[in-house]
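[1] need the 3D shape of this:
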Amino acid sequence: MAVEVGSKVAGKVTGITNFGAFVDLGEGKTGLVHISEVSDSYIKDIHDVLTVGDEVTVKVMSDQNGKIGLSIRKAVDQPKVQEHPRPQSRPNNNRGGYRKPEHSSAPKKEGFDDLLSGFLKDSEDRLSTIKRNTEGKRGGRGGRRS
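    Sure, this is the predicted structure:
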């Protein structure tokens, strides 16, 4: 089978380095699977995932000047995520375009924006307190003058 960009090929791991693994594709051709193309999750040490002699299926990503770039994670067929249709919204009777949130018995979880604005307010309060205390001691603005 010819090694063409976009094709899936079976191969055998012949060597492992810090940055990836070399795979023998047959016909005297060898390609490199970069560590970032081994798995969808983070890999700290490639030796935890691959060993020399492993049979792998790879997808040929590039072939430049005889250097073949491979990917294991793109060779795995992943199910496509189906988008769920959004529910139809009810007509909005108020003119401003704002719709009041519906009440529910579940406690409201704070969103990231709410947490961030709370953090910023608290941080600004602390900074102003620190400035107020240090400026008075150094004789800066607002300090006592005799």
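[2] where does Gln78 land on pLDDT?
    Note on Gln78: pLDDT of 62.
[3] same check, this time on the one 5 residues further on
    The predicted local distance difference test score for Glu83 is 57.
[4] I'd like the numbering to begin with 58 instead of 1 from here.
    That works, and once the first residue is 58, the last one we named lands at Glu140.
[5] show the subsequent helix or strand relative to the helix or strand where Val117 lies.
    Per DSSP states H and E, Val117 falls inside strand 112-121. Next helix or strand after strand 112-121 toward the C-terminus (DSSP H and E): strand 124-128.
[6] where along this structure do the strands fall?
    For the chain, the strands defined by DSSP state E cover 65-74, 77-83, 86-91, 112-121, 124-128.
[7] parallel or antiparallel, list what pairs with the first one.
    So the one you mean is strand 65-74. Applying DSSP bridges, strand 65-74 is found paired with strand 77-83 (antiparallel), strand 112-121 (antiparallel).
[8] which one of those lies closest to Arg183?
    The closest of those to Arg183 is strand 77-83. By C-beta to C-beta, the value is 47.0 Å. In this view, the C-beta of every residue, glycine as well, is placed from N, C-alpha and C.
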